[in-house]
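[1] heads up, no residue letters with this:
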């Protein structure tokens with residue numbers, strides 16, 4: 001598996017950190033770190049068509065996840081939560097077009113509002 005992860009970035013000050021070592025929060029500010037990817041390289045090396053032919057889950061976009069070896073993939077079948085057009089409520093709230101997603105179909109049941 002090829003990951004296009006380039007570096008980690010402090011969400012407070014923008015300082016860069018290497019992704020190869022375990023860092024829970026930014027050492028500079030104690031804030032969350034963003035994973036930053038080399039999207040230019042990804043665009044050159046991977047055709048958009050490759051994603052369409054993969055299973056309908058979050059691992060379809062494996063190149064954009066911070067996992068470097070297939071044996072480290074852990075999944076509970078998450079992903080592919082359908083978006084539903086909520087046209088009636090959208091019109092009544094003057095928010096057309098409005099979409100919502102059917103979270104009850106998420107197999108992980110990790111969302112706190114999941115009812116099943």
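    Arrived safely. Keep in mind that this is a model prediction, so the values were computed, not measured.

[2] alpha carbons only for contacts and neighbour counts from here, please
    Will do.

[3] need phi/psi at residue 63.
    Its backbone dihedrals place residue 63 at phi -60, psi -20, with angles given as degrees, to the nearest 10.

[4] enumerate every residue touching it.
    Residues touching residue 63, when contacts are defined by Cα atoms under 8 Å, 6 or more residues apart in numbering, comprise 1-5, 42.

[5] excluding covalently adjacent residues, which one is nearest to it?
    Distance criterion Cα to Cα, 6 or more residues apart in numbering; nearest residue to residue 63, sequence neighbours excluded, is residue 3 at 4.5 Å.

[6] would you map the strands across the chain?
    For the chain, strands defined by DSSP state E occupy the ranges 5-10, 16-17, 33-37, 83-85, 99-101.

[7] what strands line up against the second one, and which way round?
    When pairs are called by DSSP bridges, strand 16-17 turns out to pair with strand 5-10 (antiparallel).

[8] got any ranges where the chain has weak pLDDT?
    Along the chain, the parts satisfying pLDDT under 70 run over 105-116.

[9] how is it divided into domains?
    Annotated domains of the chain cover 5-70, 76-116 [automatic domain parsing].

[10] quick one on the thing from earlier: give the PyMOL command for selecting the buried subset of the contacts of residue 63.
    One line in PyMOL is enough to select the buried ones among the contacts of residue 63; burial here means 16 or more other Cα atoms under 10 Å:
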select buried, resi 3+4+5+42
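
[11] for this protein, which segments count as helices?
    Taking DSSP state H to define them, one finds helices in the chain at 39-45, 49-52, 87-92.

[12] what about the first one, distance to the chain center?
    Using Cα atoms, centre = their mean, to the nearest Å, the mean C-alpha position of helix 39-45 is found 18 Å from that of the whole chain.

[13] buried residues of that helix, list them for me.
    Of the residues in helix 39-45, residue 42 count as buried by neighbour count, 16+ other Cα under 10 Å.

[14] and the contacts of it?
    Surrounding helix 39-45, the residues in contact under the criterion Cα under 8 Å, 6+ apart are 4, 63.

[15] hmm, 10 Å instead?
    Contact with helix 39-45 is made by 2-6, 48, 63-64, as judged by Cα atoms under 10 Å, 6 or more residues apart in numbering.
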